[in-house]
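Peer 1: Please find the sequence and the predicted model below.
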Amino acid sequence: MRKRRKYIKRDYTKLSTMDVYNLVRDRELKKFPNNYLDKDTIKEIVRHVFLKELKLTRKDIISLDHKFFMELNMGGFRKFFDMKEYKLLSYCFPEMDIRAWELRKVEPQFWEDKENQKEFILWAMAKEGIDPYSKEDLRRFTARSIIKHGGSRILKAEDDIYTIIAPVIDYRFKEWEIMKVRAWKQEKIIAAVKWLVEEKMHYTMEQACTLKVSDFKKYNLDGMLQKGCNHSILYALNLTYGDIFTRDSIRGMRLKNEG
């Protein structure tokens, strides 16, 4: 019959933090004494074991999984950090600037949080050398950039890249200014035409009749004309302003009420 191991009473106040941890790791203690652990105690243990004993690098640390923590009798440490390993590691290794998305596993709910999305996008932009105030830079920031830095799940959480990027850049640029629009739905066409006519050209309705393809091209809206308006400026204007324009072979495009 297997003998039950004897647990010796000790005065833990006379032991170092690492001595107590080793007793737990070696199963001489079933668990840490009540109220013994706090965030700073955990930090001391984790840093000692990871850096001094195991000599792990940053690359090693971000590749760890929960099983590794369990093997070291550190499974209960997560409860001090909302059960999130990335929070635990960030606290224990502030100099490493560890982010959640760098770890092997991040819960899907993480990517549904808008603040988490924003933090990731700013981080990924910095990695790519993207200035969020520059249209030219933002045109280089694509889905491939997001995937490259571990954010593939963010693309599943949102409908399109602009939805993700817009809050980060405080909506200072329209979608068509910084990327190719995948689908030109009617509401997007209307918004783009109003933006072109009223904000960029500062045209009256009479002046809108003089719009040319080159005007649309100048503001990255030639793709909209082709894909969403069948190459027709007349269609784009009537869709936006309620069928008030017409065209004839003599006078060209004009307002209907001009007679």
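Peer 2: Yep, that arrived. Not measured: the values here are computed from a predicted model. Numbering: from 1, shown residues only.
Peer 1: from here on, contacts and neighbour counts on C-alpha atoms
Peer 2: Noted.
Peer 1: now the strands: where do they sit in this protein?
Peer 2: 245-248, 252-255 (DSSP state E).
Peer 1: Just give me the longest helix of the protein.
Peer 2: If you go by DSSP state H, the chain has its longest helix at helix 114-128.
Peer 1: So which elements touch that one?
Peer 2: Helix 114-128 sits against helix 143-148, helix 161-168, with contacts defined as 3 or more C-alpha pairs under 8 Å, 6 or more residues apart in numbering; DSSP states H and E.
Peer 1: which residues are in contact with that helix?
Peer 2: Residues outside helix 114-128 that contact it (C-alpha atoms under 8 Å, 6 or more residues apart in numbering): 101, 110-111, 131-132, 141, 145-146, 149, 151, 154, 164-165, 167-168.
Peer 1: What of stretch 212-223?
Peer 2: So stretch 212-223 is in contact with 176-177, 192, 196, 225, 233, going by C-alpha under 8 Å, 6+ apart.
Peer 1: Can you point out the buried residues in it?
Peer 2: Buried residues in stretch 212-223, counted by 16 or more other C-alpha atoms under 10 Å: 215-216, 220-223.
Peer 1: Alpha carbons of that stretch, as PDB, please.
Peer 2: Output in PDB follows, covering the C-alpha atoms of stretch 212-223 (Å, rounded to 0.1, in the frame of the first residue of the first chain):
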ATOM      1  CA  LYS A 212     -15.500  64.800 -66.000                       C
ATOM      2  CA  VAL A 213     -14.100  61.300 -65.600                       C
ATOM      3  CA  SER A 214     -10.700  62.900 -64.800                       C
ATOM      4  CA  ASP A 215     -12.300  64.600 -61.700                       C
ATOM      5  CA  PHE A 216     -13.400  61.200 -60.400                       C
ATOM      6  CA  LYS A 217     -10.000  59.700 -61.200                       C
ATOM      7  CA  LYS A 218      -8.200  62.600 -59.400                       C
ATOM      8  CA  TYR A 219      -9.900  61.600 -56.200                       C
ATOM      9  CA  ASN A 220      -9.700  57.800 -56.600                       C
ATOM     10  CA  LEU A 221     -13.300  57.400 -57.600                       C
ATOM     11  CA  ASP A 222     -12.800  56.200 -61.200                       C
ATOM     12  CA  GLY A 223     -13.200  52.600 -59.900                       C
END
